[in-house]
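**Q** I would like the atomic coordinates for the input below:
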Amino acid sequence: MLDIRLIRTDPDHVKAELANVGVRAAQIDEVLAADRRRREAIAAVETLRAERTAASKAIRDTKDAAAREAAIAAQRTAGETIAAAEATVAEVEAEFRRLMLELPNLPHPDVPVGPDESANRVVRVEGEPPRFDFTPEPHWDLGPRLGLIDFERGVKISGTRFYVLRGMGARLQRALITWMLDLHTRAHGYVEIYPPAMVKGECLVGTGNLPKFADTVYRDIEEDYWWVPTAESQRYRHGRLFPPEDLGLLEGPDRDAWQRPGRIMDALGIADGSTVADIGAGAGWFSIRLARRVGPNGLVFAEDVQREMIDAIERRVRREGLRNVRLVLGRDDDPGLPAGRLDAVLMVDAYYEVQDRLSLLRRIRAALKPNGRVGIVDFRKDGGGPGPPLEQRIEPDVVIRDAAGAGLRLVAHETFLPYQYLLVFGL
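**A** As a prediction, this is how the structure comes out:
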C-alpha cells in the first residue's frame, strides 16, 4: 500500500507515475477526498470526547444543585452523539482503506512505459536459444497426442482451465517438483515446508491479491478462507525472532525491487574499502551485497543472535567465494563489534526483534568511527509489504527516541522505500 503522506504532499508526482500503469488521476483525487473525510471525522470524534471530558469536570466543580442537574441532563445525549460519530469514522475509514488498496505501487524507474508487452525490452540473455531440426509443437498439441495431458477430461471434471495429467505426464510433474525441492534444500540452505492450501483474507491483502482480484480467486463462500493463488501468500512469521527453519522466506525473488539495497548503501556512504556491520543478518541476504560493495579491501561483520543463521551465512559465503565477511554470533544487547572501527552499521528488518534496544545501540555507537553512520530499516505500520504483523512494527519516532538515548543523532529520514523507512544516525 502506498504511503498516504506521499499522496498528500506530492499528488502530481503520484498521478504522473501511476498514469504509466493506467491509473486515472481522478482515482487519486478520490483517495485524497476520502482521506480528508476520514481526518475530519476523526477530528470531530476527538472534539466531542474532549467536550464531554470538559463537561464532566465542570459538573464535578459545580456547587449549585440546579445548575449541576441541568448540566447532567445536557450530557445524557453526549454518549449517543459520540457513538454516532464513531460509526461515521468506521464507515469513512473502511472506504478510505478500500480506495488505498486499489492503488498499485509506483512503478520502478527501470520499468519501460508502454501500452502492452510490446514495450518490454530485453535486459539480458542467458545462454543460446535452442535450435531444432524439426518444427516444435506447443504443449497443448503435443501433450494430448502423446497421452500426457487430457484437457477434455479435465474440463468435464472441473470446468474451464483444468486438465488431467496421465502416465509419463504425471510422473514428469512429480519428478520436477522433487528435483526442485531436493536442489534447494540440499544445496541452497532451504527447509521444505508444506503450508496450508487456504489462507485468511488478510494474507491476500498483504500480498496485493485482494481486493483487486477478489472475483478471480477461489474461496470458501461461508468463511474467510481463500485458496492460495501464489506462493508469497503463504509467508508467515511467529514470535520475536525469525525462525531459522524459515530461511527460504527471507529470499523472495522480488526483494531486490522493494528493498533497494543499492540506494540504502548509498545513503550510508558505503563504498569500496569500507568496514561495515550487518546486524541481525539472518541468512545473509544483505551481508552478501555489502561484501560485494566494499570489495576485497573492505570488511563486513555479519552478526546474528541465532547460531542457525550464522551457519546459513557461512554456507552462503562459502558458495559465493567471498573472503571479506567475518561472522559474529552476538547477543540481544551486544553485537560483539570491535570498538571504533566501523564506517557504517546497518540493521535491516530486525529492530522490532530486539529486546534491550538501548544497550544494543550504545554498543553500536561505540563501534563507530568518528564519522561513522548507523542505518536502521524497518517496516512502517501503514506500509504493507511482506514484513511482520502490524502490531509488531515500530514507528520511526520510537527508533529516533531510542537512538537519542544512546547518544546517536538523526542525520536523515529517507522515504524512498515502498514499505519501509530508513533512518540514518551519526555521532
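
**Q** what residues sit buried inside the lowest-mean-pLDDT helix or strand in the chain?
**A** Across the helices and strands of the chain, mean confidence by mean pLDDT, DSSP states H and E is lowest for helix 201-206: a mean of 77. Neighbour-count burial for helix 201-206 flags 201, 203-206 (criterion: 16 or more other CB atoms under 10 Å). For the C-beta atoms, the positions are set from N, CA and C on the backbone; glycine is no exception.

**Q** CA atoms only for stretch 76-95 - export them in CSV, please.
**A** What follows is stretch 76-95 as a C-alpha-only set of coordinates in CSV (Å, rounded to 0.1, in the frame of the first residue of the first chain):
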residue,chain,number,x,y,z
ARG,A,76,-27.2,12.5,28.7
THR,A,77,-27.2,12.5,24.9
ALA,A,78,-23.4,13.0,24.6
GLY,A,79,-22.8,9.3,24.6
GLU,A,80,-25.2,8.7,21.7
THR,A,81,-23.7,11.6,19.7
ILE,A,82,-20.2,10.2,20.2
ALA,A,83,-21.3,6.7,19.2
ALA,A,84,-22.8,8.0,16.0
ALA,A,85,-19.6,10.0,15.2
GLU,A,86,-17.5,6.9,15.9
ALA,A,87,-19.7,4.9,13.5
THR,A,88,-19.1,7.6,10.9
VAL,A,89,-15.3,7.2,11.4
ALA,A,90,-15.5,3.5,10.9
GLU,A,91,-17.5,4.0,7.7
VAL,A,92,-15.2,6.5,6.2
GLU,A,93,-12.1,4.6,7.4
ALA,A,94,-13.4,1.5,5.5
GLU,A,95,-14.0,3.5,2.3
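
**Q** pLDDT of it, averaged?
**A** Stretch 76-95 shows a mean pLDDT of 87.

**Q** what helix or strand is A85 on?
**A** Following DSSP states H and E, one finds A85 within helix 78-101.

**Q** for that helix, packing partners?
**A** Here helix 78-101 touches helix 25-61, going by 3 or more CB pairs under 8 Å, 6 or more residues apart in numbering; DSSP states H and E.

**Q** what ranges do the helices span in the stretch 51-200 of the chain?
**A** Here the stretch 51-200 of the chain has its helices, by DSSP state H, counting those that start in this stretch, at 65-75, 78-101, 139-145, 151-158, 168-187.

**Q** dump the ones you listed into a markdown table; add mean neighbour count and distance to R289 as well.
**A** Listed next are those as a markdown table, based on neighbours: other CB atoms under 10 Å; distance: least, CB to CB, whole Å:
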| stretch | mean neighbour count | distance to R289 |
| --- | --- | --- |
| helix 65-75 | 12 | 61 |
| helix 78-101 | 15 | 31 |
| helix 139-145 | 12 | 38 |
| helix 151-158 | 13 | 44 |
| helix 168-187 | 12 | 20 |
